[in-house]
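**Q** no FASTA, just this:
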């Protein structure tokens, strides 16, 4: 699976679980840490945790395990690192504070997910 296909699948999985404001950032030419960020929001810490667990579960069925998982216990900002794709799931307040879309936006690399 290509990094782009992985990012698209993450978006679909997050949308299935009713994540809010799903965005993909193509950061291929900006850093070596990954090719894509997928960013989404949950309405509460409970939903943020549930979204992360759901992505983890769906990818695990495909034999894809994250290299790292951070923040699941707090549920404010969860990071699932799939190597070329890093998934960020925020509660609304934390997302507004860090505003990763603004930090990593080069004017043409942000794509809002639409079902």
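**A** Structure received. Quantities reported herein were computed from a predicted structural model and do not represent experimental measurements. Residues are numbered from 1 along each chain as shown.

**Q** Give me the residue at the spatial middle of this structure.
**A** For the chain, the residue nearest the mean C-alpha position is residue 87 (2.6 Å; CA atoms, centre = their mean).

**Q** Could I get the contacting residues of that residue?
**A** 10, 37-38, 40, 52, 55, 78-81 (CB atoms under 8 Å, 6 or more residues apart in numbering). (Glycine included, C-beta is placed from N, CA and C.)

**Q** switch the cut-off to 6 Å
**A** 10, 38, 80 (CB atoms under 6 Å, 6 or more residues apart in numbering).

**Q** So which of those are in strands?
**A** 38, 80 (DSSP state E).

**Q** Just name the closest of the contacts of residue 87 to residue 100, please.
**A** residue 38 (10.5 Å; CB to CB).

**Q** bridging residues for the closest one?
**A** Beta-bridge partners for residue 38, by DSSP bridges, are residue 24, residue 87.
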